[in-house]
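A.B. asks: let's see this in three dimensions:
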Amino acid sequence: MAQKVIKFIGRTTDFRGNTLWELVSDLPNWGVGRMLIRNMFQRYPEPCYMRILKVQAVDEQPGEVRKVRVTVEKTWRGVKQAKPVEIYSTSYKADYELVPEDQEAKYLNNTKKLEPVVLPTKIDLPPLLREYVTEETGERNPQMKVHFKLTHNKLARLAQEGEKPSVSFGVSLGQPKPVSTKLYEGLL
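C.D. replies: Next comes the predicted model:
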C-alpha cells in the first residue's frame, strides 16, 4: 500500500508561542510587571523585550480571534522607548512568550545597542532624470532632497548642518557588485 502524502495548502507562518490573551489570562494580576518577548524580534543581536504595565480585556466578537489591549514599556534593539506602547492589533498573533523571572537578567544585562544611522539630506538623481534636469535647468549636478518620516522606533535621522552622514546612497547604471562579477564575465 502506498504511503499517504500530506500536502499543506495556504500560508505558512514563522510564529512560535502563544497569543497575548493566552499568556495574560492565566497570570495573577494579568501579568502586570512581567516581561514578554516576541519571537519574531529575537533575530536581532540587541535585546528586544516588553514589560507589561496595564492589561485591558476587550469584548469578544463572535467569529473573531480573541484580542487584548496591553500597554507595555518596550525596549527595541537595546533602546528603551520614551513612551509606553499599546499592543492591540498584533495581540492575536501566536508569537509571544513570557520570560521566566529567573531569565529576565539575560535581557536586562545585554548592553548591545543599535547605533543610530545618519542619513544624507540630498542624494543624486537617477541618470536619465539627471540628464533631463540638467538640460532644463542648466545645473551641472542636480540633487534631490531626502524626505524622512521620523517615528518613535526608527533610529535614523537626517544629517545636521556640517555633519557627515554614516550611510551613502549611490545611483548607478546597474553595474554588478564585485561579489557577482563572475556571473557577468563574457556578457558585457
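
A.B. asks: where does pLDDT dip in this protein?
C.D. replies: 1, 152-153, 172-181, 187-188 (pLDDT under 70).

A.B. asks: regarding it, what is its longest helix?
C.D. replies: Across the chain, the helix with the greatest residue count (assigned by DSSP state H) is helix 127-137.

A.B. asks: and that helix, what's buried?
C.D. replies: 130, 133 (16 or more other C-beta atoms under 10 Å). Using the backbone N, CA and C atoms, a C-beta is placed for each residue, glycine as well.

A.B. asks: now stretch 93-102
C.D. replies: Buried, per 16+ other C-beta under 10 Å, within stretch 93-102: 93, 95-96, 98-99.

A.B. asks: once you drop chain neighbours, what's closest to the residue nearest in space to the middle of the chain?
C.D. replies: Compute the mean C-alpha point of the chain, and by C-alpha atoms, centre = their mean the closest residue is Phe41, 7.8 Å away. In space, Phe41 comes closest to Cys48 once its chain neighbours are excluded; the distance is 3.9 Å by C-beta to C-beta, 6 or more residues apart in numbering.

A.B. asks: what's the spacing between the one you found and Leu158?
C.D. replies: Cys48 is 25 Å from Leu158, where distance means C-beta to C-beta, to the nearest Å.

A.B. asks: could you check which of those two is surrounded by more residues?
C.D. replies: Taking neighbours as other C-beta atoms under 10 Å, Cys48 and Leu158 compare with Cys48 leading, 20 against 16.
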